[in-house]
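Undergrad: Any chance you could fold what I've pasted below:
(one chain, ligands or ions: 1)
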Amino acid sequence: MAWKDQMLYSVLRHKCPRCHEGNLFIHKNPYSGWKVFEMPKECEHCGQRFQLEPGFYYGAMYVSYGLGVAWFVAMLVAFTVLYPDFSIHVFIITTVVSMVALTPVLFRLARAIWIHLFVKYEKDWQQNVDPKA
Ligand SMILES: [Zn+2]
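TA: Take a look at the predicted model:
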């Protein structure tokens, strides 16, 4: 199986879950201000809708919470291994600042993971297109 066919590729590159070609977000830069939230209504490649139902991405907040906890644990392990006598104040400040800095990245990653849970990859999606639709 090619790397491009893997779900991990599509999630990390923020690609359409159905075709792995179209972009999930209009702007590639996650630090482009409020534009970070802008998503196309559908995939420019295969036509897959990205808003599956009203409020679909509220569920991505659960994923985002999980990513935040994972980041906290990763920071704790890194501090424990690299600086065994670390100060709790330095740890908290470093973790909070890095978490705030990573918010746009985690936001997009959470949305990408969330939609990939509901839309499966169709390698030959062109053959499944209904010509009457
Ligand atoms: Zn697509």
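
Undergrad: Show me where the chain has its helices.
TA: Assigned by DSSP state H, the helices in the chain fall at 7-12, 60-82, 88-118.

Undergrad: Which of these sits closest to the ion?
TA: Closest to the ion of those is helix 7-12 (C-beta to the ion; 9.6 Å). No exception for glycine: its C-beta is placed from N, CA and C like everyone else's.

Undergrad: What is the distance between the closest one and the centre of its chain?
TA: 9 Å (C-alpha atoms, centre = their mean, to the nearest Å).

Undergrad: residues making contact with stretch 33-51?
TA: 16-19, 21-27, 30, 57, 104, 107-108, 111, 115, 119, 122, 125-126, 129 (C-beta atoms under 8 Å, 6 or more residues apart in numbering).

Undergrad: Give me the subset of those residues that lies in strands.
TA: Among these, no member falls in strands (DSSP state E).

Undergrad: Quick one, which of the residues you listed are buried?
TA: With neighbours counted by 16 or more other C-beta atoms under 10 Å, those contain buried members at 16-19, 22-25, 30, 57, 104, 107-108, 111, 115, 119, 122, 125.

Undergrad: out of those, which touch the ion?
TA: By C-beta under 5 Å from the ion, the members of these lying near the ion are Cys16, Arg18, Cys19, Gly22.

Undergrad: Which two among these are spaced furthest apart?
TA: Spanning the widest gap among those are Arg18 and Gly22, at 8.4 Å by C-beta to C-beta.

Undergrad: ok, which residues in this protein are in contact with the ion?
TA: Residues of the chain lying close to the ion by C-beta under 5 Å from the ion are Cys16, Arg18, Cys19, Gly22, Cys43, His45, Cys46, Gln48.

Undergrad: ok, of those residues, which one's closest to Ile92?
TA: Ile92 has its nearest neighbour among those in Cys16, at 38.5 Å by C-beta to C-beta.

Undergrad: my guess is Pro17 meets Leu8, correct?
TA: No. Between Pro17 and Leu8 there is no contact under C-beta atoms under 8 Å: 11.9 Å.
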